[in-house]
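Novice: Generate coordinates for the sequence data below:
(chains A and B)
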Amino acid sequence: MSNKSFFVTALMLGCMGGTAAQAETLKYAFQGTLNQLDPYSLNETFTLGALGNAYEGLTRRGADLQIEPALAERWEVIEPNRWRFYLRQGVKFHNGNDFTAEDVAFSAERVRAEGSDLGTRINAEATVEIVDDYTVDFVLPGPNPILHYEWDTWYIMDKDWTEANDAVSVTSASDTTPNYAALNANGTGPFKIASHEPGVKTVYEKFDGWWDTATHNLDGVEFTPIGSDATRVAALLSGELDMVYPIPVQDVKRVNDNAGTQALTGPELRTIFLGMDQMRDELLYSDVKGKNPFKDVRVRKAFYQSIDIEAIKAKVMRDLSTPAALMISPFLYARAGEFERYPYDPDAAKALLAEAGYPDGFTVSMDCPNDRYVNDEAICQAVAAMLARVGVTVDLVAQPKAKYFAKVLASGGYDTSFYLLGWTPGSFDSWNILENLIQCRDEAGKGGAFNLGGYCNADVDALKDQILVENDPEKRDALIAQAYTIANDEVSHIPLHQQGLAWGVADGVELAQRADNQFVFRFVTKN
Amino acid sequence: MRRLLQAMIVMLVVALLAFTLFRFVGDPINQMVGIETSIEEREALRERLGLNDPIPVQFARFIQSAVQFDFGTSYQFRQPVSDLFLKRIPATLELSFASAVFALVVGIPMGIYAGLNRESWVSKVFLSVSLVGISLPTFFIGILLIFFFSVNLQWLPSFGRGEVVEIGSWWTTGFLTASGLKALILPSITLGLYQMTLIMRLIRAEMLEVIRTDYIKFARARGLPDRLVHFRHALKNTLVPVITITGLQLGAIIAFATITETVFQWPGMGLMFLQAVQNVDIPIMSAYLLLTAFLFVSINFVVDILYFLIDPRLRIERA
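Specialist: Below you'll find the model as predicted:
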């Protein structure tokens, strides 16, 4: 059941009889809150996904995550450094204003302004040139084949509206007065935000002036955050809500057994992996003194081979995971199929440890979040038990995400020896992985800021720079393959799996489960 | 005057304690930005928020704005904390009120009955049931109720406040709509169960005590009907401690609605506080702790004053 194809997952649009006739309100819940409505304030999947029903970018992504034209009808690279976007005409914002090139230029400035969390959407040195009302040029400091990859979540705001409401500066937590854009939205998308009570309820209304033909049949949508897993599942089972997510993996069966609801499962894009401190000369948390065992590739490989990923999948994840050989989801890299995991082999692991000079293993502490990823703490416990079998004693330090990230990230001085982390490349592209997770870094975090273990190989970094500017897709994929091969051979990290998505859906509701875990209303029909 | 000074000191100590605790809940910056945000930007934000200043400076700044009822801007919602609290207070107060009413209306008759009819099996059932009320954790009771009344019977909603009606500029009430009233039932029972048990047991014990006293015996000897003896003479005398306890418990209900609000996704202050803890939203956390401390301090203050007014002996001693 979990092996449903990525592209399908319950995408049956429209055509279920009179779509226009019925007036339907969809009620759904998510575990987290929609804190505020400013589209540049927080670079986080749920927030951007929820806002993406009201705001739109120049591009958008379909049910299978393919890039589609949205506010831009088409675009072309007219010179290596100059991209031209032809804007859609006749598009109106929710307040009735026309969408023009002015708005694009304005949004490009605002998204890069101080306080914006989405500053990386456009290179700081890029300039925006308005050719005419419906044509915009982006002039880049260098070639960038993936310029528009993240533009589906760079939402275009109305210049006049933003200026009139004194909301030009991005909503920031250091503000002393509330920002208008934090409580109100004015996009071009298929739904208007009718009311927003932070942390309580957000109500959407259908926007009749939407430029595209609506394939959904919703009149409105009501969103409630429900933090407690048990309550969220109960609200679906009792029929109060049409859709809730996520469903805890242990409740998937219950939702399926209940008449009137079903659990929709599929792979997510996020890769969960383990990392090891390969930078310090002595580990912070280990009984090995005077040297760092993780500097030895044999030790790293021994760790890799002592992990029984199939057991984690079956026991911890209840089959809702896909074991990974790479640091990126196979959906995001065409040649992912060429890579394979090192086989699970405790005997080989023991031999490698002995060869490296640790025949009796050693002790190391492991940092782990306990409220961030699906069953994160349980995964760490399983890893600790598996490492114990090859003689390595793991002291597990599992903490809430707020404390965990404060410790292991740059702000905490990379205070870890062995850790579990998850990563989804925001651009859906391998360069993001190489840049953030695999690139060398210094002690302060310059370079690969989220390469917590500090793995470093100059060849990989050189490849990364080539990948950034290579416009030919095939050559680019070959370069990526080279970089991954080196990292894989040197066991830069230990990829574990892509965790599964589990959404609870009431019968009669058809929707598209996107692998990036965004819930997009325009794919929904309710009968 | 001395009391007032003491109250101020308590508030200051709570503020200081709360402030110290925040050093250990984690890094707020990580909760405020997406994971790909660069280290430089994180540092800049930290600087702008004043999180790099020495702790005494941060504390002084906090106290200075707190006395003007300015608790800063929430890290998560980017809204002034005082506005957020104003919107959440009605939900918590209505829930607390409903649970207090539930505890009194159910607890008092049960207590009287159990006190008067010690040996009846109904009393024994009351007592055993109340034991459950005291020993089961709140969230578990809440989930049991949801499972039974929402999922299985589908009578009552499992989350939220239902339809609310706005009164005035900021108060919202669920008392005026059918769905609002329905939504109140399960959370009020969950929250009030403990207090109900407490009141019932208290009344029962007091009743047993009072029934044995001489004046009740005399009342009976005078040939007064049972009804008068029980309700006019006995019950009245049991109510004094009950009123004290109820007053104090009201503070507890409001302050500890946190768990119930979380289980039922009740949009009150407690839910907001718990979310704030998860996300290291320091302005909300500190405001909530101060508010709770203020509530307790003022209730105690009022109770003290009341004693002083009611009991003439206290006044004489002072003079």
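
Novice: Tell me which helix or strand comes right after the helix or strand of chain A with the lowest mean pLDDT.
Specialist: When each helix and strand of chain A is scored by mean pLDDT, DSSP states H and E, helix A:401-408 comes last, with a mean of 85. Using DSSP states H and E, the helix or strand that follows helix A:401-408 towards the C-terminus is strand A:418-423.

Novice: got a list of contacts for that next one?
Specialist: For strand A:418-423, contacts defined as CB atoms under 8 Å, 6 or more residues apart in numbering or on different chains pick out A:270-277, A:285, A:294, A:327, A:364-369, A:372-373, A:376, A:379-380, A:383, A:394, A:408, A:433, A:436-437, A:450, A:452-453, A:496, A:499, B:35. Where you see a C-beta, it was placed from the backbone N, CA and C, and this is true even at glycine.

Novice: Tell me which entries of these lie within strands.
Specialist: Counting by DSSP state E, these place A:270-276, A:364-369, A:394, A:496, A:499 in strands.

Novice: Can you name the residues bridging to residue A:220?
Specialist: Beta bridges link residue A:220 to residue A:25, residue A:205 when assigned by DSSP bridges.

Novice: which residues touch residue A:350?
Specialist: A:302, A:390, A:391.

Novice: Out of those, which comes closest to residue A:83?
Specialist: Nearest to residue A:83, judged by CB to CB, of the contacts of residue A:350 is residue A:302 at 47.4 Å.

Novice: Any buried residues in the strand or helix carrying residue B:244, and which?
Specialist: Element membership for residue B:244, per DSSP H and E: helix B:236-255. Within helix B:236-255, the residues that qualify as buried are B:237, B:238, B:242, B:246, B:249, B:250, B:251, B:252, B:253, B:254, B:255, counting by 16 or more other CB atoms under 10 Å in any protein chain shown.

Novice: got the CA positions of stretch B:61-73 in PDB?
Specialist: Extracted C-alpha coordinates of stretch B:61-73, given in PDB (Å, rounded to 0.1, in the frame of the first residue of the first chain):
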ATOM      1  CA  ARG B  61      14.400  45.600  29.900                       C
ATOM      2  CA  PHE B  62      11.800  42.900  30.400                       C
ATOM      3  CA  ILE B  63      10.700  44.200  33.700                       C
ATOM      4  CA  GLN B  64      10.600  47.800  32.500                       C
ATOM      5  CA  SER B  65       8.200  46.900  29.600                       C
ATOM      6  CA  ALA B  66       6.200  44.400  31.700                       C
ATOM      7  CA  VAL B  67       5.200  47.100  34.200                       C
ATOM      8  CA  GLN B  68       3.700  49.000  31.300                       C
ATOM      9  CA  PHE B  69       1.900  45.800  30.200                       C
ATOM     10  CA  ASP B  70       4.100  45.500  27.100                       C
ATOM     11  CA  PHE B  71       5.300  42.000  26.800                       C
ATOM     12  CA  GLY B  72       7.000  42.400  23.400                       C
ATOM     13  CA  THR B  73       6.300  40.700  20.200                       C
END
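
Novice: Name the surrounding residues that touch it.
Specialist: A:173-176, A:178, B:12, B:15, B:19, B:50, B:53, B:79-82, B:85, B:283-284, B:286-287, B:290.

Novice: Buried ones among those residues?
Specialist: Counted by 16+ other CB under 10 Å, those give A:173-175, A:178, B:15, B:19, B:79-81, B:85, B:283-284, B:286-287, B:290 as buried.

Novice: out of those, which are inside helices?
Specialist: B:15, B:19, B:81, B:85, B:283, B:284, B:286, B:287, B:290 (DSSP state H).
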